[in-house]
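In: generate a structure from the sequence data that follows.
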Amino acid sequence: MKKSFKRKIVTLAIMLMAFNSFACECYCEGDCSFRAVSNNNKFVALVKVIEYSDFLDYDIDDYDQEMPFSMTVEIIKKYKGDEVKNRIKIWGDNGILCRPYIANFEIGKYYLISPRQIGSDSENGNKEDYDFFACWTDYLTVDFDNGIVYGEYTKLKSEISLEEFENEFEK
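Out: Numbers count the residues shown, from 1 in each chain. Next up is the predicted model:
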């Protein structure tokens, strides 16, 4: 009887750990750097965050403000894609979507992005808006004043000038 009870407790504990870790376990096969992701995605642009657009109606652990769920960005320069709007909306994580939290993006800051377009309306985003995937490097931070891009551009390169990126991307 003791062994059966212990076995049930161990099984329950394993199940609870598995459930808690389900939210987003990232596995990237191959090269998931920005250069590889942007080569495979349909849209690449330099953007500036204009505003947080939608907010979650519940708290996220370790974040003491209202959590933004989407952001509106202004397209400064488009490198690839058919997008014709000057501003687009990008949706983030609600705690279980395997997306980065929008709070990671600062209003007024610049980013190189290569997001996925959302295919249908849902409570997690609208058709023809965009989202990121937390397991890939599909956005990089840009110091616009100094023309430097930061983040995993390639597996071996975590910093590149914006000019060098543009020259490489046009090839």
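In: which pLDDT value belongs to Ile118?
Out: Model confidence at Ile118, given as pLDDT, is 97.
In: I meant Ala13, not that one.
Out: Reported pLDDT for Ala13: 37.
In: what's the answer for the one 4 residues further on, then?
Out: In this model, Met17 is scored at 37, pLDDT.
In: hmm, Ser158 is touching Tyr150, no?
Out: Yes: checked against CB atoms under 8 Å, the pair Ser158 and Tyr150 is within contact range at 6.8 Å. Any C-beta I mention is one placed from the backbone N, CA and C, and that applies to glycine too.
In: secondary structure element holding Phe133?
Out: Per DSSP states H and E: Phe133 is located in neither a helix nor a strand.
In: show me where pLDDT drops low in the protein?
Out: Counting by pLDDT under 70, the ranges of the chain that qualify are 1-24, 171.
In: which residues of it fall in helices?
Out: 2-20, 34-40, 162-169 (DSSP state H).
In: if I pick the residue nearest the centre of the chain, what's in contact with it?
Out: In the chain, the residue lying closest to the centroid (CA atoms, centre = their mean) is Phe132, at 3.4 Å. Applying CB atoms under 8 Å, 6 or more residues apart in numbering to Phe132 gives the contacts 90, 92, 99-100, 113, 115-116, 138-139.
In: what is the burial count for Gln65?
Out: Residues within reach of Gln65, counting by other CB atoms under 10 Å, total 9.
In: and it, what does it touch?
Out: Ala103.
In: over to Ile107?
Out: Contacts for Ile107 (CB under 8 Å, 6+ apart) come out as 49-52, 71.
In: gap between it and Val73?
Out: With distances taken as CB to CB, to the nearest Å, Ile107 is found 10 Å from Val73.
In: where exactly do the strands run in the protein?
Out: 44-55, 68-80, 87-91, 110-113, 116-117, 130-131, 139-143, 148-154, 157-161 (DSSP state E).
In: hmm, who's touching the longest one?
Out: Applying CB under 8 Å, 6+ apart, the set of residues contacting strand 68-80 from outside is 38, 41-56, 83, 85-92, 94, 101-103, 105, 107, 110-111, 113, 125, 129, 166, 169.
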